[in-house]
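J.: Sequence below, structure please.
(chains A and B)
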There are 2 protein chains.
Amino acid sequence: MGDPPMPNPFIGKVSPALGEADGADGIDFSLECPLPSSRHDRITLGHGGGGRLMHSLIDRVFKKAFNDPALAAAHDGADLPSPPGRLAMTTDSYVVHPLFFPGSDIGAMAVNGTVNDLAMCGASPLYLTASFILEEGLEMATLEKVVASMAGAAAAAGIRVVTGDTKVVERGKGDGIFICTAGVGAIGHNLAINPASVKPGDAVLLSGDIGRHGMAVMAVRENLGFTSDLRSDCACLWPGVEALLKAGIQVHCLRDLTRGGLATSLVEISGTGKVRILVNESAIPVGEAVQGACEVLGLDPLYVANEGRFVAFVPASEAERALAALRSTVHCEGATRIGTVESGNGVVMKSTIGASRPLDMLSGEQLPRIC
Amino acid sequence: MGDPPMPNPFIGKVSPALGEADGADGIDFSLECPLPSSRHDRITLGHGGGGRLMHSLIDRVFKKAFNDPALAAAHDGADLPSPPGRLAMTTDSYVVHPLFFPGSDIGAMAVNGTVNDLAMCGASPLYLTASFILEEGLEMATLEKVVASMAGAAAAAGIRVVTGDTKVVERGKGDGIFICTAGVGAIGHNLAINPASVKPGDAVLLSGDIGRHGMAVMAVRENLGFTSDLRSDCACLWPGVEALLKAGIQVHCLRDLTRGGLATSLVEISGTGKVRILVNESAIPVGEAVQGACEVLGLDPLYVANEGRFVAFVPASEAERALAALRSTVHCEGATRIGTVESGNGVVMKSTIGASRPLDMLSGEQLPRIC
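T.: The predicted model follows:
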């Protein structure tokens, strides 16, 4: 790996005071850190130690990419205007493997995933925190690429990265990069958007075709050869939700279809909302490439993770207007109605030939480390 | 380890619909998950998969311990009252090794560390997010113990745990438990508490003796035998800060002394605030046990991490009132003045015999995974 041998990490070493011989007046207290380039090529334990290396990493990689006045204040937290009324708050960790895959990467996911959870509360994105757990030996270029992708996704979503943290764990105690983001959003509506608001008579809308994120990651991981059309759907969902709210739709519930896929999300909402959800299988869009890859791997696209798809529960009388609003936004052009809410419990799928079958959650693990 | 062999994690398996033979009306869609007890003893990849096992973990461990209405809503994010005016936001990941050590553990640290970063903005604690990255094979009892400790620390600090996330990585790709917390606090003052507000003429106050957290962790890790008195100082610092604000002290800057210790914090503030900080070595309290352990390991207590100590920069004319306010609160009984701010740059330590030496940041890593 070409790294110099690490000093005993348990014995601290204070760098010699620069220019000490010149007396106190001549001391250079600059935080700049001119270390040999080999130390900069890869992450070392020192990058998480709180000293000069960590400050150099923060300045050269994180502050540069995220470029926010709150970060520039170099304080323990960010001091920010509070949104009026209500706020939404959410968090997710990202451990996806591999870090890069067709259509996206862990950095853009870590931004969009948290922005999307805010959007599912009907909240516009405001502030994001970014915390990194890095494995010793990670290439600096890889980190920079991930951080650049985060910065791009944050700019596109209109969310500020206001504070962060970096920890480093020894080789073999992590896996390259884990990212944890938390978000705060502004709730500007008077709706109660959550599973308990779902009512019999609601229409179930789906924002587009399903299964692309999960199968794009699996295609890389399993080295499938026929999958050039498979790209993750990872995207920011706030524009679609904003369009619903601006159109005055009485949104009852929103849910993005991540781990566990469409089926698990519907089962969760049915359980929490104490309603029965009827779904028409033929109405659910699944691309050919996803269908093909699922058949090869023995997976059901209903359970495959998405990172840019969501369901919306709205009064049936507003369904057409809601679909029109969704279809007018980027990433939701393929929005469609897939079902109806009734009184009762559970999720029932009606097949193309008219047979009904209940849907349940996965009992085990379908796709580990998909997000 | 006594675990059953794992099924191929790449091939998904939908649990058979419960009671399917009874027809749709008789289906049991309960989210309860009666799995064999061996599956509950340790974390499996399935606990991060988004399916039944993950929901069972959330219900049985997290919701039970944190018991907050926002968690009970079972939505993608929490919908919460926004504080008036300004909010503080912060995040930290916790990778401390070992998970338990004299005086505290990773759970209480993950709460207090983030609460303390809010306090350093002069913000009262409101909302906390908790995100877990668990290693496959982790004992469920260990997770429950950590989560119980978090819940206790959150209750003591008066902060609500409002939303969370769980990911599981394969054995050897993590290290037991990593926790990432993010916090939101309410800023009720009109001060600008940050390094740029520090001014020549300020007094530098320290809230108590230094070095206990770092040396308590090291004592366990290095199996030092003589360290029965070493306990982490991990604690919530909001009461001390609240006392300063209630006393009307014009606080210029606050900083908790975590990684890098007192010395690094002072160097950071000197650099960002563009001031010189003079410190009297003899005024800095260091306990005998810390001093002894530092001598054995060749460490300087000025650079050892704390989890319940902070410095406050206040106008010298208010120093005595500020000290009285601090000393009236739990954990800050030993507060003392350690220095003065002048114009210039850098941090200069005056020794007991009157000699001056400049302080710098650590150049490498002193104590890896101390927080």
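J.: ok, which stretches of the stretch 201-350 of chain A are helices?
T.: Ranges of helices within the stretch 201-350 of chain A are A:212-221, A:238-246, A:261-273, A:288-297, A:319-327, based on DSSP state H, counting those that start in this stretch.
J.: Of all the helix elements in chain A, which one is longest?
T.: Identified as the longest helix of chain A according to DSSP state H is helix A:140-157.
J.: With only the CA atoms kept, save that helix in CSV.
T.: Presented in CSV, the C-alpha positions along helix A:140-157 are these (Å, rounded to 0.1, in the frame of the first residue of the first chain):
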residue,chain,number,x,y,z
MET,A,140,-8.3,10.3,-0.1
ALA,A,141,-9.4,10.5,-3.8
THR,A,142,-12.4,8.2,-3.0
LEU,A,143,-13.5,10.4,-0.1
GLU,A,144,-13.2,13.5,-2.2
LYS,A,145,-15.3,12.0,-5.0
VAL,A,146,-18.0,11.0,-2.5
VAL,A,147,-18.0,14.4,-0.9
ALA,A,148,-18.2,16.2,-4.2
SER,A,149,-21.2,14.0,-5.1
MET,A,150,-22.8,15.0,-1.8
ALA,A,151,-22.2,18.6,-2.4
GLY,A,152,-23.8,18.4,-5.9
ALA,A,153,-26.8,16.5,-4.5
ALA,A,154,-27.2,19.1,-1.7
ALA,A,155,-27.1,22.0,-4.1
ALA,A,156,-29.6,20.3,-6.4
ALA,A,157,-32.0,19.7,-3.5
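J.: Okay, angle between it and helix A:238-246 too, please.
T.: Helix A:140-157 runs at 20 degrees relative to helix A:238-246, counting by axes from the mean of the first three to the mean of the last three C-alpha atoms, to 10 degrees.
J.: Do a quick rundown of the helices in the stretch 1-150 of chain A.
T.: For the stretch 1-150 of chain A, helices defined by DSSP H, counting those that start in this stretch occupy the ranges A:37-41, A:52-57, A:64-66, A:69-72, A:106-119, A:140-157.
J.: what's the most buried one of those?
T.: Scoring the helices of the stretch 1-150 of chain A by mean neighbour count under mean count of other C-beta atoms under 10 Å in any protein chain shown gives helix A:106-119 as the most buried, with a mean of 29. C-betas here are computed from N, CA, C, even on glycine.
J.: So what's the gap between that helix and the chain middle?
T.: Taking C-alpha atoms, centre = their mean, to the nearest Å, one finds helix A:106-119 lying 3 Å from the centre of the chain it belongs to.
J.: list the helices and strands that helix packs on?
T.: In terms of contacts (3 or more C-beta pairs under 8 Å, 6 or more residues apart in numbering or on different chains; DSSP states H and E), helix A:106-119 is packed against strand A:86-94, strand A:123-135, helix A:140-157, strand A:177-187, helix A:238-246, strand A:253-256.
J.: pLDDT averaged over it - what is it?
T.: Mean per-residue pLDDT for helix A:106-119: 98.
J.: pLDDT below threshold where in the stretch 201-350 of chain A?
T.: Residue ranges of the stretch 201-350 of chain A with pLDDT under 70: A:226-227.
J.: measure the residue most central in space within chain A to A:A157 for me?
T.: Nearest to the mean C-alpha position of chain A, by C-alpha atoms, centre = their mean, lies A:G113 at 2.1 Å. Look at A:G113 and A:A157: by C-beta to C-beta, to the nearest Å, they are 11 Å apart.
J.: follow-up on the earlier one: deepest in the core, which of the helices of the stretch 201-350 of chain A is it.
T.: Mean neighbour count (mean count of other C-beta under 10 Å) peaks for helix A:212-221 among the helices of the stretch 201-350 of chain A, with a mean of 27.
J.: and it, how far out from the chain's middle?
T.: 16 Å.
J.: Run the angle between it and helix A:288-297 for me.
T.: Counting by the same axes, to 10 degrees, helix A:212-221 points 60 degrees away from the direction of helix A:288-297.
J.: tally of neighbours for whichever residue of the stretch 151-300 of chain A sits closest to chain B?
T.: Chain B sits closest to A:R259 of the stretch 151-300 of chain A, with a gap of 2.7 Å, by C-beta to the nearest C-beta. Per other C-beta atoms under 10 Å in any protein chain shown, the neighbour tally for A:R259 reads 24.
J.: Hmm, A:G211 is touching A:V290, no?
T.: Yes. The criterion here is C-beta atoms under 8 Å, and A:G211 meets it with A:V290 at 4.0 Å.
J.: Pull up the overlap in contacts between these two.
T.: A:P301, A:V304 (C-beta atoms under 8 Å, 6 or more residues apart in numbering or on different chains).
J.: hang on, the earlier thing: kindly reformat the helices and strands packed on helix A:106-119 as CSV containing distance to chain B.
T.: CSV is the format used below for the helices and strands packed on helix A:106-119 (distance: least, C-beta to the nearest C-beta, whole Å):
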stretch, distance to chain B
strand A:86-94, 3
strand A:123-135, 4
helix A:140-157, 14
strand A:177-187, 3
helix A:238-246, 11
strand A:253-256, 7
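J.: For B:G164, which of the ones you listed is the nearest?
T.: With C-beta to C-beta, the closest approach to B:G164 among the helices and strands packed on helix A:106-119 belongs to strand A:86-94: 6.6 Å.
J.: Pull up the pairing partners for that closest one, direction included.
T.: When pairs are called by DSSP bridges, strand A:86-94 turns out to pair with strand A:177-187 (antiparallel), strand B:78-81 (antiparallel).
J.: now the first one, how far from the chain's geometric center?
T.: The gap between the average C-alpha position of strand A:177-187 and the chain average comes to 8 Å, counting by C-alpha atoms, centre = their mean.
J.: Stretch A:353-362 now?
T.: Relative to the centre of its chain, stretch A:353-362 is centred 29 Å away, using C-alpha atoms, centre = their mean.
J.: what's the straight distance from one end of that stretch to the other?
T.: End-to-end distance for stretch A:353-362, by C-alpha to C-alpha, to the nearest Å: 24 Å.
J.: Only the buried residues of it, if you could.
T.: Across stretch A:353-362, burial judged by 16 or more other C-beta atoms under 10 Å in any protein chain shown covers A:P358, A:L359, A:D360, A:M361, A:L362.
J.: wait, what's in contact with the fourth one?
T.: A:M361 makes contact with A:G260, A:A263, A:T264, A:V267, A:E268, B:S15, B:L31, B:G51, B:R52, B:H55 under the criterion C-beta under 8 Å, 6+ apart.
J.: Could you measure from the last one over to chain A?
T.: When you say that, I think you mean B:H55. Separation of B:H55 from chain A (C-beta to the nearest C-beta, to the nearest Å) stands at 7 Å.
J.: domain parsing for chain A?
T.: By the assignment in automatic domain parsing, chain A contains the domains A:45-187, A:195-359.
J.: what about those domains, which gets the closest to B:E333?
T.: For these, the distance to B:E333 is smallest for domain A:45-187, at 22.9 Å, taking C-beta to C-beta.
J.: what's around the closest residue to A:C294 other than its chain neighbours, how many residues?
T.: Excluding the flanking residues, the one nearest A:C294 by C-beta to C-beta, 6 or more residues apart in numbering or on different chains is A:P301, at 5.1 Å. Other residues within reach of A:P301 by the criterion other C-beta under 10 Å amount to 24.
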